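Engineer: just the structure for this:
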Amino acid sequence: MMRSLVFLHRWFGVALSAIVLLWFLSGIVMMYRSYPRVTARDRLARLPVLDPSRVKLSAEEAFAHLGAENQPYDVVLTSFDGRPIYVSGDMMVYADDGREHTGVDDAMLDRAAVAWSGRPLSEATRTAVEDVDQWTLSSELRSLRPMYKYSWPDGQQVYVDGNSADVVQYTTTASRFWAYLGAIPHWLYFTPLRVQQRTWFSLIVYSSIVGTIAAIMGLAIAVWMYSPNRRYRHAGRPTGIPYRGWKRWHTVAGLLFGVITTTWTFSGLLTMGPFPVIEKLSELTAPPRSATRREINLSSVFRGGLLPLPAYAARTPDAAIAAVPDFDVREAEYTSFAGQPLYLLSNASGDTRIVPVHGEPSSAFDRGDLMQRLRAAAGDQLAELRVLDKYDAYYVDRRGDRPLPVIYARLNDEASTRYYVDPKTASLVGSYSSHQWVERWLSRGLHSLDFPWLYNHRPLWDVVVIVLMLGGTALCVTSLVLTWRVVSRSIARVRDARIVVPSEDLLT
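Structural biologist: Model (predicted):
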């Protein structure tokens, strides 16, 4: 039995030691740098400040040009091509003259790229993106055509959607450098491989499965061979490990870091899911979903339903923007609270201000009011209601981007449902139920060590994770050395078998 384990472990190591080493090294970079992408905050930061004097029409007046059958409810006042514009789904109407936005031209694409980069068009090189390249591999980008890439001498690359003039990808020299060290090797995001979706997916999944099995085997072998009473001898001294040289170091590293290697490889596999077996495990271990389970519709609890545009006539959007003169508003969302119309204004950093149609601006909704509404909506299902000032086990963000403080509400239903509400926007910013435990603990928890006692006390999390990653790296380095020895011996045997012995030697 042990010989079979050693044999399989050795050849699994030959097949995967380089890939797992790549995962560990790139994982350290991934702690701080990821793959380049354009986020909602990036878009907000690059929007121009809304000038209230340029907003000539209210949303009601602007959309009136489209006819009564196209009257929207969810509306955002933002900017497009340097002009204020109302956006509702696929409808876009300019707020300065009421004309509908119907399409883009090359000049608009150029201006969008220039506005994003802050560099003159004369310095840029524009190329049409005909095929998927290294930075447009994601599923949401690979189907966008036409697309154009603008490259500047300072290293900026701006990808613009030819249909909407939206900037859909952005890279710099630094972001590309760190991606080549981190996300690209970690996800095996090499263009020739990644464009073959099924091949790439299969390689990741089967490598993770085999890597997990190999790590379990190696750990079992190391524990089995280890002798606490030191019945072996090494360099004339008693020892608990019966090996010498690199094999000895490999065993020591396996005993110290074999568990983290196993759990990390296995949790990496789960990030590629969901898989039927994992979904079944979640169903078997979590309480069954009750047909009578009561869901809290936070939109109806706080908003009170969508309001028609005439409800905002008492305070036009330009007046709402002017009400917060030092806030540098980038977007204004038409929304409501408790059935009363208001504007939710956002600046470049994503901070918000509430401007009601009737009343003074404020930075947040009243927490007591929000909690009272949550209590009334949950009824006897409410188990806990309080304000969280720091992240907990299920509301996680080690980078600190998710809003705090938040209102935390836990129900006493079978799934122990949790809601996290941002009092600045009266919106749901997180939720959790016991049916998500596999994703939370076996995937995110084991792979990133996202545990409150670690990430709430940084740099403790950084130190622990880096030490464990370096330990896994050391384990893979020793495995790689042993792999080279196994492969070189096999090559030598094949070469020797091909040597033709001269006939006169056979006669003698």
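
Engineer: the longest helix anywhere in the chain packs against which elements?
Structural biologist: When the chain is parsed with DSSP state H, its longest helix is helix 460-497. Counting contacts by 3 or more C-beta pairs under 8 Å, 6 or more residues apart in numbering; DSSP states H and E, helix 460-497 packs against helix 2-30, helix 245-270, helix 452-455. Bear in mind the C-beta positions are built from the backbone N, C-alpha and C, glycine included.

Engineer: now do stretch 214-223: everything it contacts.
Structural biologist: Residues from elsewhere that reach stretch 214-223, judged by C-beta atoms under 8 Å, 6 or more residues apart in numbering: 2, 5-6, 8-9, 12-13, 16, 251, 254-255, 258-259, 261-262, 265.

Engineer: next one: stretch 406-420
Structural biologist: 286-290, 293-294, 296, 298, 367, 370-371, 374, 378, 381-388, 392, 394-395, 421-423, 428-435.

Engineer: quick one: buried ones out of the contacts of stretch 214-223?
Structural biologist: Neighbour counting by 16 or more other C-beta atoms under 10 Å classes H9, F12, G13, L16, T251, G254, L255, G258, T261, T262, T265 among those as buried.

Engineer: quick one: Y408 is in a strand?
Structural biologist: Yes - using DSSP: H, G, I helix; E, B strand; the rest coil, the assignment for Y408 is a strand.

Engineer: list the buried residues in stretch 187-207.
Structural biologist: W187, L188, Y189, R194, W200, I204, S207.

Engineer: over to stretch 78-92?
Structural biologist: The neighbour-count check on stretch 78-92 (16+ other C-beta under 10 Å) flags T78, S79, F80, D81, P84, I85, Y86, V87, S88, M91, M92 as buried.

Engineer: ok, and what's touching that stretch?
Structural biologist: The contact list for stretch 78-92 (C-beta under 8 Å, 6+ apart) reads 47-48, 50-51, 54-55, 59, 62-63, 66, 70, 72-77, 93-96, 100-101, 108, 111-112, 115, 165, 330-332.

Engineer: at 7 Å what do you get?
Structural biologist: Contact partners of stretch 78-92, identified using C-beta atoms under 7 Å, 6 or more residues apart in numbering, comprise 47-48, 50, 54-55, 59, 62-63, 66, 70, 72, 74-77, 93-96, 100-101, 108, 111, 331.

Engineer: which non-adjacent residue is nearest I209?
Structural biologist: Excluding the flanking residues, the one nearest I209 by C-beta to C-beta, 6 or more residues apart in numbering is L269, at 6.3 Å.

Engineer: over to R485?
Structural biologist: R485's closest residue in space is W246 (C-beta to C-beta, 6+ apart), at 7.7 Å.

Engineer: from the contacts of stretch 214-223, which two are the most distant?
Structural biologist: For these, the farthest-apart pair by C-beta to C-beta is M2 and T265; their separation is 22.4 Å.

Engineer: how about the spatially most central residue of the chain, secondary structure?
Structural biologist: A centroid search over the chain (C-alpha atoms, centre = their mean) returns S34, at 8.7 Å, as the residue closest to the centre. At S34 the chain is in coil, as set by three-state DSSP.

Engineer: pLDDT weak spots in the stretch 51-200 of the chain?
Structural biologist: 68-71 (pLDDT under 70).

Engineer: could you pull out the buried residues of stretch 469-488?
Structural biologist: 469, 471-483.

Engineer: would CSV of the buried ones among the contacts of stretch 214-223 with distance to S349 be doable?
Structural biologist: Shown next, in CSV, are the buried ones among the contacts of stretch 214-223 (distance: C-beta to C-beta, whole Å):
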residue, distance to S349
H9, 52
F12, 49
G13, 48
L16, 44
T251, 52
G254, 47
L255, 48
G258, 44
T261, 40
T262, 41
T265, 38
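
Engineer: now those residues as JSON lines including pLDDT and distance to A322?
Structural biologist: Below are the buried ones among the contacts of stretch 214-223 laid out as JSON lines (pLDDT from 0 to 100; distance: C-beta to C-beta, whole Å):
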{"residue": "H9", "pLDDT": "89", "distance to A322": "71"}
{"residue": "F12", "pLDDT": "88", "distance to A322": "67"}
{"residue": "G13", "pLDDT": "86", "distance to A322": "68"}
{"residue": "L16", "pLDDT": "90", "distance to A322": "62"}
{"residue": "T251", "pLDDT": "92", "distance to A322": "72"}
{"residue": "G254", "pLDDT": "93", "distance to A322": "67"}
{"residue": "L255", "pLDDT": "94", "distance to A322": "68"}
{"residue": "G258", "pLDDT": "93", "distance to A322": "64"}
{"residue": "T261", "pLDDT": "95", "distance to A322": "59"}
{"residue": "T262", "pLDDT": "95", "distance to A322": "60"}
{"residue": "T265", "pLDDT": "95", "distance to A322": "57"}
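
Engineer: so which of the residues you listed comes closest to P276?
Structural biologist: Once C-beta to C-beta is applied, the member of the buried ones among the contacts of stretch 214-223 that ends up nearest P276 is T265, at 20.1 Å.

Engineer: wasn't V429 part of a strand?
Structural biologist: Yes - counting by three-state DSSP, V429 is found in a strand.

Engineer: gap between the two ends of stretch 385-394?
Structural biologist: Taking C-alpha to C-alpha, to the nearest Å as the measure, stretch 385-394 stretches 15 Å from start to finish.

Engineer: buried residues, that stretch. List them.
Structural biologist: Result for stretch 385-394 [16+ other C-beta under 10 Å]: buried residues L385, Y391, Y394.

Engineer: and the first one, helix, strand or coil?
Structural biologist: Translated: L385. With three-state DSSP as the criterion, L385 reads strand.

Engineer: tell me how far it lies from L298.
Structural biologist: 14 Å (C-beta to C-beta, to the nearest Å).

Engineer: ditto for P153
Structural biologist: P153 is 49 Å from L298, by C-beta to C-beta.

Engineer: these two: which has the busier surroundings?
Structural biologist: L298 (19 against 9; other C-beta atoms under 10 Å).
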